[in-house]
Structures are given as structure tokens and as C-alpha cells.
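J.: fold the following for me, if possible:
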Amino acid sequence: MSNNASNSPQSLLGGMIFGGIFFLAGSFIFMIATDIIHADPSSFNAPRWVVAAAGGVFMLAGMMVAVQGGFGPEGMKTKLYLWIQFFFGMALMVLFTAIPLWIGFGLGEREFNTSTTIGPITNSSSGSDGMGRFVFGGSGVLMIFITIAMAISQLKNIFKIK
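T.: Coordinates of the predicted model:
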């Protein structure tokens, strides 16, 4: 006899609750970025759209977890589920990629810090603007290729192409 815990109502509810927590956290960040919840503009170190993108990443991740919990193991094999996850996943990846691309290539000044910890000793200092932009910009470009590869992989899965 097989005991599949992922079919239980507790696991479905757990996934929806866990996803809901991430969605609410992202919604809070998004509402601050869009000034629904007022925040001092001088407290932003990035344009509001970048902060909204960060909130959107958490909102979409929460929605993906909740949808997975709602569909359950059998429902995750349906075309509807695959398409929902494709669109949520692509939106998440676009927002997630936009953040390091803005850090690396956006206009304006950036502040980077570095820290090194060896045992109980920590050393912190200002980081190089050029190196910081290179790391974040390079990561953003890499994320573009990862997003394209994920899109191709997901579409192949949806259309059952090998």
C-alpha cells in the first residue's frame, strides 16, 4: 500500500499557505513601490520600478507555489497547469532578470560593499563601481540566456516535443 503524503489535504493547504505568505510579502513591497503604502522617497536607493519588480518576484513565486498546491500531483500533469506555470515562470524570470540588468547597466551612481569573514574576523570595505557593475550586469546577461532556455524547455514540455 502506497502512502502518498503529497495527495493529503494538509500538503495542499500547506502549499497554498506557504505560497500565500510569499505573495503577501511581495504585495507589501509592491504597494510600497507603487506608493499605495507611503514611504519616504529618499529611502529608495533604486527607482520604484526596480523595487516593484523585486516585490513582483515574491508575488509570482508565491502564486506559483499556491497554484502547485491547488492543482495537486495529478493536476500538475494538465495543459492548463503547464501553461499557468509557463506564464508565471516567464514573468518571474523577466522581473528577476531586470533587477541585476538595471544594477549593471542602468544610469546613475551605485554603491557596492565587500566583506570577508575568516572565523571571528570580518573585514568590510567599499567595492569597486566597475567590478560591481560587471558582476551584476554579467549576471543579468546570463539570466537572459537562462530565461530563454527555460522558455524553450517549458514549451517543449507543453507540446511534448523531445
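
J.: which stretches of the chain have low pLDDT?
T.: Scanning the chain with the threshold set as pLDDT under 70 gives 1-10.

J.: helices of that one, start to end?
T.: Along the chain, counting by DSSP state H, helices occupy 9-33, 48-75, 79-105, 129-158.

J.: relative to helix 129-158, how tilted is the third one?
T.: Between helix 79-105 and helix 129-158, the angle formed by their directions is 170 degrees, by axes from the mean of the first three to the mean of the last three C-alpha atoms, to 10 degrees.

J.: buried residues, helix 79-105. List them.
T.: By neighbour count on 16 or more other C-beta atoms under 10 Å, the buried set for helix 79-105 is 81-82, 84-86, 88-89, 91-104. From N, CA and C alone the C-beta is placed, and that goes for glycine too.

J.: cool, the last one as well?
T.: By 16+ other C-beta under 10 Å, the buried positions in helix 129-158 come out as Gly132, Arg133, Val135, Phe136, Gly137, Gly140, Met143, Thr147, Gln154.

J.: check contacts around the last one.
T.: Each residue near Gln154 by C-beta atoms under 8 Å, 6 or more residues apart in numbering is listed here: Leu82, Gln85, Phe86, Gly89, Met90.

J.: out of those, what pair is the most spread apart?
T.: Using C-beta to C-beta, these span at most 12.4 Å, a distance reached by Leu82 and Met90.

J.: relative to Met31, how far out is the residue nearest to the spatial centre of the chain?
T.: Closest residue to the average C-alpha location of the chain: Val57 at 3.6 Å, with C-alpha atoms, centre = their mean. Val57 is 15 Å from Met31, where distance means C-beta to C-beta, to the nearest Å.
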